[in-house]
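Chemist: Okay, sequence plus prediction incoming.
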Amino acid sequence: MVSGVAMPTTGLNFSTQAQQMLFLARKESERLNHNFVGSEHLLLGLIRLGQGTGFKILQRLSIEPEAVRREIEKRVGIGPPQKVIGKIPYTPRVSKVLALGAKEAKAMEHSYVGTEHIVMGLLIEGDGVAARVLTSLGVQIERIRQEVLGEPGAEDPGMISPTATGGSISAHLGLGPMEGEGSLTPRAQEVLALARKEANQLNHVSIGAEHMLLGLIRLGTGVAVNVLLKLGLDLETVRAEVDRQVGKGQQQEASVDTPYGWAVSRVLAVAHKEAQACRHTYIGTEHILLSLLQENVGVCARVFESLKVDVEKTRQEIVRELNPNATS
């Protein structure tokens, strides 16, 4: 059993995606029946995450996720079934990779450690399975560094204020008031509160788009719920699929302060645009659903795909629900 290694004190916060990558690295270690989290699991965690700057850069370099997964599994194999007690420990190599990633982030004057910096840390460390796999696929540290420096928005740097709910999130995002009154309807605000409960139930460290989808269904009323029910989706089916995609975290005390991940801000920003396009003076559950349907990567996209949700059909159902006389 590899001894546990404390996470390095970097002086920088890990981005939402980087935290999810680390969480999924543990899930990958469990999947392979390993009793440690090594550099190979970090890379597998990024592939499983399917989003973030590090993932996007690998995509631009024509690195196929399945090719990475196959190569890692060929090199390390799957261990015999075993019962792991307690939290699976990080190897010293992982601690070094994260420290090197933080050093790169500071050198670039970034205020956070993101998935892109962790990928650079993997390559700079150089001796781990992940580095050897990436190198064998033609990935070079200088090319990654150039891609990161050329990334216009870089990675989501953190989380929305933990206590922000409802309209205060809209203010935090700088969405500004919509025509006449509004921002989030009471039902939309309830979706955010329920999303936090869903994240806590899954022992996740932040609230993401997938929790908003669960919150929508758990709400049990409103335009979005009516449409989802017509499509045959129910809370338990979607929760089971989300759990399959990202898994449960380590047991922890539920908190009213579980923070909203930056994916929530992106969803609400797109929902705001959808509301404006519909000439609505509010952001309702239907606009949130339209926004979630536009997530091209990440858990929501994989859930919709696995449940065979037709995005265009869903949009048409929303239009009909809002206006029964619509002929779209």
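Modeler: Here it is on my side, so go on.
Chemist: Which parts of this protein are strands?
Modeler: Taking DSSP state E as the criterion, the chain carries its strands at 13-14, 112-113, 159-160, 260-261.
Chemist: Gln140 is nearest to which of these?
Modeler: With C-beta to C-beta, the closest approach to Gln140 among the strands of the chain belongs to strand 112-113: 21.0 Å. Heads up, the C-betas are built off the backbone N, CA and C, glycines and all.
Chemist: and the closest residue to Ile217 other than its chain neighbours, what does it touch?
Modeler: Once its chain neighbours are removed from consideration, Ile217 has its nearest residue in Leu235; the separation is 4.4 Å (C-beta to C-beta, 6 or more residues apart in numbering). The contact partners of Leu235, taken as C-beta atoms under 8 Å, 6 or more residues apart in numbering, are Leu214, Ile217, Arg218.
Chemist: Against Arg266, how distant is Leu235?
Modeler: Leu235 sits 23 Å away from Arg266 when distances are taken as C-beta to C-beta, to the nearest Å.
Chemist: rewinding a little: closest to Lys96 out of the strands of the chain?
Modeler: strand 112-113 (13.7 Å).
Chemist: partners of that closest one in the sheet?
Modeler: Note on strand 112-113: by DSSP bridges, its sheet partners are strand 13-14 (parallel).
Chemist: Restrict stretch 88-106 to CA atoms and write it as PDB.
Modeler: Once side chains and other backbone atoms are set aside, the C-alpha atoms of stretch 88-106 remain, and they are given as PDB (Å, rounded to 0.1, in the frame of the first residue of the first chain):
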ATOM      1  CA  ILE A  88      -7.100   5.900  -1.800                       C
ATOM      2  CA  PRO A  89      -3.800   7.800  -1.300                       C
ATOM      3  CA  TYR A  90      -1.900   9.900  -3.900                       C
ATOM      4  CA  THR A  91       1.600   8.800  -4.800                       C
ATOM      5  CA  PRO A  92       4.600  11.100  -4.200                       C
ATOM      6  CA  ARG A  93       4.800  11.500  -8.000                       C
ATOM      7  CA  VAL A  94       1.300  13.000  -8.000                       C
ATOM      8  CA  SER A  95       2.200  15.500  -5.300                       C
ATOM      9  CA  LYS A  96       5.200  16.500  -7.400                       C
ATOM     10  CA  VAL A  97       3.100  16.800 -10.500                       C
ATOM     11  CA  LEU A  98       0.600  19.100  -8.800                       C
ATOM     12  CA  ALA A  99       3.500  21.200  -7.300                       C
ATOM     13  CA  LEU A 100       5.000  21.600 -10.800                       C
ATOM     14  CA  GLY A 101       1.600  22.500 -12.200                       C
ATOM     15  CA  ALA A 102       1.300  25.200  -9.600                       C
ATOM     16  CA  LYS A 103       4.700  26.500 -10.400                       C
ATOM     17  CA  GLU A 104       3.700  26.800 -14.100                       C
ATOM     18  CA  ALA A 105       0.500  28.600 -13.100                       C
ATOM     19  CA  LYS A 106       2.500  31.200 -11.000                       C
END
